[in-house]
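**Student:** Sequence and predicted model, in that order:
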Number of protein chains: 2
Amino acid sequence: MSLVIVGSLAFDTIETPFAKKERIIGGSCSFSALAASYFSDPKVVAVIGEDFPEAFVELLQRRGVDTRGIKREAGKTFHWEGRYGEDPNQRTTIKTELNVFQDFKAQLLPDYASSDILFLGNIDPDLQEDILKQVHKPRLIAMDTINLWINTKLEALLRVMREVDIFFANDEEVRIIAGELNLIKAGRKLLEKGPSLIVIKKGEHGALLLGKDFLFGTLAYPCENVIDPTGAGDSFAGAFLGYLDKLQEFTPAVFRKAAVYGSVLASFTIEDFSVERLTSLKDEDIDRRFAALQQLVAF
Amino acid sequence: MSLVIVGSLAFDTIETPFAKKERIIGGSCSFSALAASYFSDPKVVAVIGEDFPEAFVELLQRRGVDTRGIKREAGKTFHWEGRYGEDPNQRTTIKTELNVFQDFKAQLLPDYASSDILFLGNIDPDLQEDILKQVHKPRLIAMDTINLWINTKLEALLRVMREVDIFFANDEEVRIIAGELNLIKAGRKLLEKGPSLIVIKKGEHGALLLGKDFLFGTLAYPCENVIDPTGAGDSFAGAFLGYLDKLQEFTPAVFRKAAVYGSVLASFTIEDFSVERLTSLKDEDIDRRFAALQQLVAF
């Protein structure tokens, strides 16, 4: 089994109504890789600047993450600054400094290029496309994206979409790309654009999976103490794909369980700032929430 | 078994991006009673004006609804006018004419007053309170409300709440009453205000049920053609309570199934204007969607 995750390692500056945290660990790859590490030993591809703490790279290693694909370059690490309102679903981006990410060109290591599963995190679609050219027929390719690329690089994004099996996005993004407000219809429209599975992340409302003859919905794990929602979607995707990599089976039955594990890992992420909750979970913690979600929807 | 539903029989004028319908049948009681009629023979309490079609009263009767509690009074029927945006979750009230509802005082018939289940639809809390005084220890009392009463008659509403077992409201209303954005926390706060079960209707995201040691979530049935969401919440509550009345058992296991039937009936309601879809469903139609929801969340 092998899962390669391409994404960002970053500093986040986060403001909520209750606290402000400066330059804490963030980035899609940080969340995805840690979430995936509870199911698989992901290999990561990312770029960091001179200011990024080696201690976090070592933490990834201790969680079984293969960090040979992390490149340290001259300059500063990617930095995102955002603010959440009273309603944690409302996020405002204050600043995005790409820094070393600006001119990053990934060069996959040979064993990375022949992985089973490739996850293209929510990075520049040109970079996603560049990586697609380097891999040797992975069994499964997944991608994520963000509004920024939908607004600025839609054509490149659609080109990447044509090559992937699984497309992750949040409900708003799915509606925008499809040009359709009804989420089911919007999801079906995206199925015509390449992927065979659309995974719609709906934040506190859970997630919806759409395939050709397949529909699955999971609720979010009911969290009472949402501290910082940053990274929830990345954690969802990381756990989802980590579970797929563990099982090496890409069937609807596996997708269902993968999505529930995605919800579980996302629920831990939002209970603290940064990746705090993802560094030292026990299998029992995960199993308990998986069982709680089973109980939550049983009738 | 006996279920009494108190609510409004009304005319609705509805504008959507695709059509405008003038003075079609609406009102919480119309939707609740028809939805409940697939499980039970509800008795309804409502007031209509001289302009309300007797044909609709007869239609209710054909569906097994006991209409002796409908009072026809001099004047015009309650009329609500609203508009939906491109996003069917966004509703604007243009006009509310209470008309004969303004001074309505319900006088329950003796057999109504001794019913097993009483549902106080989303009417004026003073009227809800007045009806509470007339009933003889029903086995279960449920209530619904709307923003209007939260904004104008919160104290009376909270008095009624103290007397009921089940409180229905949508997510926004629950957050406002509780003064808490986190929906789980907000629901728990409402549990301290009297009801032993809070049913939070979340529109396209389904519903959440909260009790002291009980949590259940159901998804909405995935509708691809949402024509008019008016009455979805009333249909949900009607089906929920109709099912409870059918089973005469008020346990968590029954609440779970009741909520799923609620979702199913709501899903039919929104597929056409007014009560169109609720007048001639077959049991198989309902069973099929119930099974589809089971399949939708299974993992």
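**Tutor:** Received, thanks. Numbering: from 1, shown residues only, chains lettered A, B, ... in the order given.
**Student:** Helices along chain A, start to end?
**Tutor:** A:28-36, A:54-62, A:110-113, A:125-132, A:147-152, A:154-161, A:171-178, A:183-191, A:232-247, A:252-269, A:283-297 (DSSP state H).
**Student:** deepest of those helices, which one?
**Tutor:** helix A:28-36 (a mean of 31; mean count of other C-beta atoms under 10 Å in any protein chain shown). C-betas here are computed from N, CA, C, even on glycine.
**Student:** roughly how far apart are A:V275 and A:N225?
**Tutor:** According to C-beta to C-beta, to the nearest Å, A:V275 stands 17 Å off from A:N225.
**Student:** Between these two, which is the more surrounded one?
**Tutor:** Legend: neighbour count by other C-beta atoms under 10 Å in any protein chain shown for A:V275 and A:N225, higher for A:V275 (25 against 10).
**Student:** from what I can see the more buried one touches A:A33, true?
**Tutor:** No: using C-beta atoms under 8 Å, A:V275 is not in contact with A:A33; the gap is 9.3 Å.
**Student:** which one is A:L60 nearest to, not counting chain neighbours?
**Tutor:** Of all residues not flanking A:L60 in the chain, A:T67 sits nearest, at 5.3 Å (C-beta to C-beta, 6 or more residues apart in numbering or on different chains).
**Student:** List the residues that contact that neighbour.
**Tutor:** A:44, A:57, A:60-61 (C-beta atoms under 8 Å, 6 or more residues apart in numbering or on different chains).
**Student:** could you redo the last one with a cut-off of 6 Å?
**Tutor:** Residues near A:T67 by C-beta atoms under 6 Å, 6 or more residues apart in numbering or on different chains: A:57, A:60-61.
**Student:** which among those gets closest to B:S28?
**Tutor:** Comparing these against B:S28 with C-beta to C-beta places A:L60 closest, at 55.2 Å.
**Student:** on that earlier part again, ok, the residue nearest to A:L60 to A:F52 distance?
**Tutor:** Relative to A:F52, A:T67 is positioned 12 Å away (C-beta to C-beta).
**Student:** A:T279 now?
**Tutor:** 16 Å.
**Student:** the more surrounded of these two?
**Tutor:** Set side by side, A:T279 and A:F52 show more neighbours around A:F52, with 23 against 16, by other C-beta under 10 Å.
**Student:** Setting the sequence-adjacent residues aside, check what's closest to the more buried one.
**Tutor:** Residue nearest to A:F52 in three dimensions, not counting chain neighbours: A:T77, with 4.5 Å by C-beta to C-beta, 6+ apart.
**Student:** Count the neighbours of that neighbour for me.
**Tutor:** Quick note: A:T77 (other C-beta under 10 Å) scores 26 neighbours.
**Student:** who's in contact with it?
**Tutor:** A:T77 neighbours (C-beta under 6 Å, 6+ apart): A:11, A:48-49, A:51-52.
**Student:** From these, pick the one nearest chain B.
**Tutor:** Using C-beta to the nearest C-beta, A:F11 comes nearest to chain B of those, at 27.7 Å.
**Student:** what about that closest one, distance to A:K282?
**Tutor:** Per C-beta to C-beta, A:F11 is found 28 Å from A:K282.
**Student:** State the distance from A:G179 to B:P53.
**Tutor:** 40 Å.
**Student:** Spell out which parts of the stretch 101-250 of chain A neighbour chain B.
**Tutor:** Listed as neighbours of chain B in the stretch 101-250 of chain A under the rule C-beta under 6 Å from any C-beta of the partner chain: A:181, A:184-185, A:205, A:217, A:219, A:222, A:224.
**Student:** ok, the residues you listed vs A:K133, which is closest?
**Tutor:** The closest of those to A:K133 turns out to be A:K185 (C-beta to C-beta; 33.0 Å).
**Student:** correct me, but the closest one touches B:E224?
**Tutor:** Yes: A:K185 lies in contact with B:E224 (C-beta atoms under 6 Å); the separation is 5.3 Å.
**Student:** any idea which residue sits dead centre in chain A?
**Tutor:** Among the residues of chain A, the one closest to the centroid is A:D234, at 2.4 Å (C-alpha atoms, centre = their mean).
**Student:** how near is it to chain B?
**Tutor:** To chain B, A:D234 is 22 Å away according to C-beta to the nearest C-beta, to the nearest Å.
**Student:** OK, contacts around that residue?
**Tutor:** A:28, A:31-32.
**Student:** In contact with the closest residue to it other than its chain neighbours, which residues?
**Tutor:** Leaving aside its chain neighbours, A:D234 sits nearest to A:F31 (3.6 Å; criterion: C-beta to C-beta, 6+ apart). Contact analysis of A:F31 by C-beta under 6 Å, 6+ apart lists A:231, A:234-235.
**Student:** A:I25 versus A:F31, what's the distance?
**Tutor:** 9 Å.
**Student:** ok, now A:I150?
**Tutor:** Distance from A:I150 to A:I25, by C-beta to C-beta: 26 Å.
**Student:** which of the residues in stretch A:66-86 are buried?
**Tutor:** For stretch A:66-86, the neighbour count (16 or more other C-beta atoms under 10 Å in any protein chain shown) marks A:66-67, A:69-70, A:72-73, A:76-82, A:84 as buried.
**Student:** would you list the contacts of A:D234 in JSON lines and tack on pLDDT?
**Tutor:** Below are these laid out as JSON lines (pLDDT from 0 to 100):
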{"residue": "A:S28", "pLDDT": "97"}
{"residue": "A:F31", "pLDDT": "98"}
{"residue": "A:S32", "pLDDT": "98"}
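**Student:** Quick check: buried residues in stretch A:96-109?
**Tutor:** A:99-101, A:104, A:106, A:108.
**Student:** For stretch A:209-228, output the C-alpha coordinates as PDB.
**Tutor:** Taking C-alpha atoms only, stretch A:209-228 is exported to PDB below (Å, rounded to 0.1, in the frame of the first residue of the first chain):
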ATOM      1  CA  LEU A 209     -20.800  11.100  -1.800                       C
ATOM      2  CA  LEU A 210     -22.100  10.800  -5.300                       C
ATOM      3  CA  GLY A 211     -21.300   8.200  -7.900                       C
ATOM      4  CA  LYS A 212     -23.000   7.100 -11.000                       C
ATOM      5  CA  ASP A 213     -25.400   4.800  -9.200                       C
ATOM      6  CA  PHE A 214     -24.300   5.600  -5.700                       C
ATOM      7  CA  LEU A 215     -25.300   8.100  -3.100                       C
ATOM      8  CA  PHE A 216     -24.200   8.100   0.500                       C
ATOM      9  CA  GLY A 217     -24.600  10.700   3.200                       C
ATOM     10  CA  THR A 218     -22.800  11.000   6.500                       C
ATOM     11  CA  LEU A 219     -23.500  13.400   9.300                       C
ATOM     12  CA  ALA A 220     -20.700  15.400  11.000                       C
ATOM     13  CA  TYR A 221     -19.800  14.100  14.400                       C
ATOM     14  CA  PRO A 222     -21.700  16.300  16.800                       C
ATOM     15  CA  CYS A 223     -19.000  18.500  18.300                       C
ATOM     16  CA  GLU A 224     -20.000  20.800  21.100                       C
ATOM     17  CA  ASN A 225     -16.700  22.700  21.300                       C
ATOM     18  CA  VAL A 226     -15.600  23.900  18.000                       C
ATOM     19  CA  ILE A 227     -12.400  25.900  18.500                       C
ATOM     20  CA  ASP A 228     -11.000  26.300  15.000                       C
END
